[in-house]
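Asks: here you go, sequence then predicted model.
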Amino acid sequence: MKRISLIIPCLNEEQAIPEFKKEVDRVFSEHLNGYERELIFVDDGSTDHTLQTIKDLAAESPEIRFISFSRNFGKEAAIYAGLEAATGDYAAVMDVDLQDPPSLLPDMLAAIEEERYDCAGTRRTTREGEPALRSFFARAFYKTINRISDTHIVDGARDYKLMTRPVLEALLSLKEYNRFSKGLYEWVGFRTKWFEYENVERVVGKTKWSFFKLFLYSIEGIVAFSTVPLALASIIGVMLSLISFLSIIVLMVRELIWHHSAYGWTSMVCIFCLMGGIILLCLGILGQYLAKTYTEVKRRPIYIARERS
């Protein structure tokens, strides 16, 4: 009997876990009763009773396993830990809040077994329920990264994917500390079938992703999968140098023709401020790449487990 491993990152989700377990039980009993299931809950440094809730369920259900981090390492580390612990023939990464509907699993599995795909991914076609500003910047991010990166990331793609063992092993072979799973999924390749669905509200609780966290996460993705910002900084420097050189020539000719005409300290201050801002922007871009390089060369572990089943 083949086994499906479900990897479920959790951060302060004590209320959502029982509802998630009920829905997974229903889907497996009605549609996937010919498969074993393995539920791997990864407690990402929760401060509520998430870990105890998982332990209580594990005492009743032998298919439940868990990993508890020593602190909050982030969702990317939780995904990696779950993939590392998975023993199934297939593995799926899912959110515990039921925004990743377990009801899609049978169709995703059919795409792999019957249509011979290596991976089944999901993407949201709508963002109803999200703030308009957040949706706007999310779409802008996908358009931007697909223009400047060789790795194409599907607009609205979720971390919710069902994959075969070779795909899982390929992801585990990428040992980088700064991880961006949406890009890593696409970078490793393999044949993927996409399933579209409308946005689903959380079953309970509030999202842990603030606008600022999502903004930092988007920078992580751009830095990880594109060096275009570095080239852009160089292009800006060359263009400004050329403009400055031409401006000097124009001012010299103007002064020779109309004496004492090269005045205007206010405009000069504005130009200096503009130039200073652009220089700081370029230094910031360089700093982002340097910071990622610095964290990678230290070779720290992606996560540290305090307890595991």
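Replies: Right, received. Where do you want to start?
Asks: got a pLDDT number for Asp97?
Replies: Model confidence at Asp97, given as pLDDT, is 84.
Asks: wait, it touches Glu14, no?
Replies: No: the pair Asp97 / Glu14 is not scored as a contact, 11.9 Å apart, by CB atoms under 8 Å. (Glycine included, C-beta is placed from N, CA and C.)
Asks: more neighbours, those two?
Replies: Using other CB atoms under 10 Å as the criterion, Asp97 and Glu14 rank with Asp97 on top: 23 against 17.
Asks: helix, strand or coil: sort out the more buried one for me.
Replies: With DSSP: H, G, I helix; E, B strand; the rest coil as the basis, Asp97 sits in coil.
Asks: quick check, central residue of the chain?
Replies: Nearest residue to the geometric centre of the chain (CA atoms, centre = their mean): Phe180, 4.4 Å.
Asks: wait, that residue sits on Gly74?
Replies: No: counting by CB under 8 Å, Gly74 is not a contact partner of Phe180; they are 11.1 Å apart.
Asks: tell me where the stretch 51-200 of the chain has helices.
Replies: 75-85, 105-113, 132-148, 165-172, 181-187 (DSSP state H, counting those that start in this stretch).
Asks: scratch that, the stretch 201-309 of the chain is what I was asking about
Replies: Under DSSP H, counting those that start in this stretch, the stretch 201-309 of the chain gives helices at 211-225, 228-257, 265-297.
Asks: need the winner for burial among the helices of the stretch 51-200 of the chain.
Replies: Of all the helices of the stretch 51-200 of the chain, helix 75-85 carries the top mean neighbour count, a mean of 22, counting by mean count of other CB atoms under 10 Å.
Asks: for it, packing partners?
Replies: If you count contacts as 3 or more CB pairs under 8 Å, 6 or more residues apart in numbering; DSSP states H and E, helix 75-85 packs onto strand 3-10, strand 36-43, strand 64-69, strand 90-93, helix 165-172.
Asks: need those in TSV (columns: mean pLDDT).
Replies: As requested, these are exported to TSV (pLDDT from 0 to 100):
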stretch	mean pLDDT
strand 3-10	91
strand 36-43	91
strand 64-69	91
strand 90-93	91
helix 165-172	90
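Asks: of all these, which one comes closest to Pro106?
Replies: With respect to Pro106, and counting by CB to CB, the nearest of the helices and strands packed on helix 75-85 is strand 3-10 at 10.6 Å.
Asks: tell me how far Ala59 lies from Ser309.
Replies: 10 Å (CB to CB, to the nearest Å).
Asks: who's more crowded, the two?
Replies: The neighbour count for Ala59 versus Ser309, taken as other CB under 10 Å, is higher for Ser309 (13 against 9).
Asks: which pLDDT value goes with the more buried one?
Replies: Note on Ser309: pLDDT of 83.
Asks: can you check Arg202 too?
Replies: So Arg202 comes in at 63 (pLDDT).
Asks: same check on Ser226?
Replies: 66.
Asks: wait, isn't Leu172 in contact with Leu83?
Replies: Yes: with contact defined as CB under 8 Å, Leu172 counts as touching Leu83 (5.8 Å).
Asks: follow-up on the earlier one: lowest average pLDDT across the helices of the stretch 51-200 of the chain?
Replies: Minimum mean pLDDT among the helices of the stretch 51-200 of the chain: helix 132-148, a mean of 71.
Asks: elements contacting that one?
Replies: helix 211-225.
Asks: ok so, going back, how about the helices and strands packed on helix 75-85 in TSV, adding distance to Phe20?
Replies: TSV is the format used below for those (distance: least, CB to CB, whole Å):
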stretch	distance to Phe20
strand 3-10	7
strand 36-43	9
strand 64-69	11
strand 90-93	13
helix 165-172	21
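Asks: can you say which of these is nearest to Asp150?
Replies: Proximity to Asp150 (CB to CB) singles out helix 165-172 among these, at 17.4 Å.
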